[in-house]
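> take a look and give me a structure for this.
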Amino acid sequence: MKPDCLIDATTLRAAMASDNAPFILDCRARLESPQAGRQLWEGGHIPGSVHFDLDRDMAAAAGEDGRHPLPSPATFACTVKRLGLSASLPIVVYDDRGGQLAAARAWWMLACWAGHPNVQVLDGGLQAWLDAGGEMAVERLPAERSPVSPGDWQPGFNGEALCDADEVADSAVTKVDARSPERFRGESEPIDPVAGHIPGAVCRPSSANLTERGRFKSSEQLDAELPDADQLASYCGSGITACHNILAYAIAGRPLPRLYAGSWSHWIRDPERQVATGN
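Numbering: from 1, shown residues only. Purely as a prediction, here's the structure:
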């Protein structure tokens with residue numbers, strides 16, 4: 001039995017043929033190339049899916065708030081209205097990295113932050129769809145639906161799902177870092193200008209949430225592995241893979257960590273904030 005926040009490819013195929021077919025968002029992206037997600041969608045996608053762009057739809061412009069800051073609530077409300085999202089229509093999000101980039105971010109934004117009642121991540125992503133015999137559509141059309149009327153969903157944004165740098169700095173908050181162990185320890189930093197991690201953080205790479213096949217581990221295994229504390233904050237480099245860890249907590253049936261959306265790319269912008277290296 002899959003948790004409510006996940007859907008397998010076979011179930012998705014059946015749902016697409018039902019009277020209540022889900023709205024499918026293709027969240028594929030590449031951090032090194034803002035155009036790659038759209039190009040991947042144009043090259044082949046799950047039929048009926050709409051490209052949901054990491055840089056345009058899921059983030060504001062990079063700057064003082066980090067590399068992928070959240071858009072304002074007003075801006076995101078306009079985005080979901082433009083897409084034609086409805087509160088009565090299920091949403092399925094997928095990528096090709098087991099949810100790490102950036103389907104989990106889409107899930108968090110839509111379900112945890114904006115409050116949509118029915119958002120699921122395709123477990124295993126595009127590869128799982130292909131493994132289940134799912135077909136691909138190839139078309140060079142606008143990567144958005146053109147709804148007869150704008151979507152009727154009015155998001156109700158939950159500020160409690162977020163935390164800021166001052167709250168993260170509190171020693172009572174356990175910081176869960178979703179980056180690789182090498183980046184956490186400060187041995188390698190391919191993206192940001194400063195290496196290391198937030199003092200007091202623990203390393204939980206988002207890749208550790210997945211099996212070798214790229215599916216999520218069982219809820220029981222995730223529950224046994226995920227860091228436990230009364231207060232949890234999830235972060236990564238820029239607030240993307242941090243959402244994968246939050247999704248893992250949801251699958252495990254645990255209380256969800258709050259997201260430090262600016263993450264490491266925001267933390268290091270203030271030279272007075274301390275930086276730790278090593279384990």
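> just for this protein, where's the confidence low?
Confidence mapping of the chain against pLDDT under 70 gives the ranges 1-3, 140-150.
> strands along the stretch 51-200 of the chain, start to end?
Taking DSSP state E, counting those that start in this stretch as the test, the strands found in the stretch 51-200 of the chain are 91-94, 119-122, 174-177.
> check which helices and strands the first one is in contact with.
Spelled out, that is strand 91-94. Taking 3 or more Cβ pairs under 8 Å, 6 or more residues apart in numbering; DSSP states H and E as the contact definition, the neighbouring helices and strands of strand 91-94 are strand 23-26, helix 103-107, strand 119-122, helix 125-131. Bear in mind the C-beta positions are built from the backbone N, C-alpha and C, glycine included.
> just to revisit the earlier point, which one, of the strands of the stretch 51-200 of the chain, ends up nearest to Q100?
Checking those against Q100 by Cβ to Cβ gives strand 119-122 as the closest, at 10.5 Å.
> so C5 touches Y249, yeah?
No. Counting by Cβ atoms under 8 Å, Y249 is not a contact partner of C5; they are 10.1 Å apart.
> so what's in contact with these two at the same time?
Residues touching both C5 and Y249 by Cβ atoms under 8 Å, 6 or more residues apart in numbering: none at all.
> in CSV, list the strands of the stretch 51-200 of the chain along with distance to S18 and mean neighbour count.
Rendered in CSV, the data for these read as follows (distance: least, Cβ to Cβ, whole Å; neighbours: other Cβ atoms under 10 Å):
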stretch, distance to S18, mean neighbour count
strand 91-94, 12, 27
strand 119-122, 14, 27
strand 174-177, 37, 24
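> before we move on, which element is D223 in?
For D223, the host element (DSSP states H and E) is helix 219-225.
> which other helices and strands contact that helix?
Applying 3+ Cβ pairs under 8 Å, 6+ apart, one finds that helix 219-225 contacts helix 241-251.
> thought E225 was touching V202?
No. Contact status for E225 versus V202: not in contact, 11.6 Å apart, counting by Cβ under 8 Å.
> tell me which of the helices and strands packed on strand 91-94 sits most buried.
Burial among the helices and strands packed on strand 91-94, expressed as mean neighbours by mean count of other Cβ atoms under 10 Å, is greatest for helix 103-107, which shows a mean of 29.
> run the chain-centre distance for it.
Mean C-alpha position of helix 103-107 versus that of the full chain (Cα atoms, centre = their mean, to the nearest Å) differs by 3 Å.
> please enumerate the helices of the stretch 51-200 of the chain.
Listed in chain order, the helices of the stretch 51-200 of the chain (DSSP state H, counting those that start in this stretch) span residues 73-83, 103-107, 125-131, 165-169, 181-185.
> for D96, find the nearest of these.
helix 125-131 (4.5 Å).
> how far off centre is the helix or strand harbouring L12?
When secondary structure is defined by DSSP H and E, L12 falls within helix 9-16. Here helix 9-16 is found 21 Å from its chain centre; the criterion is Cα atoms, centre = their mean.
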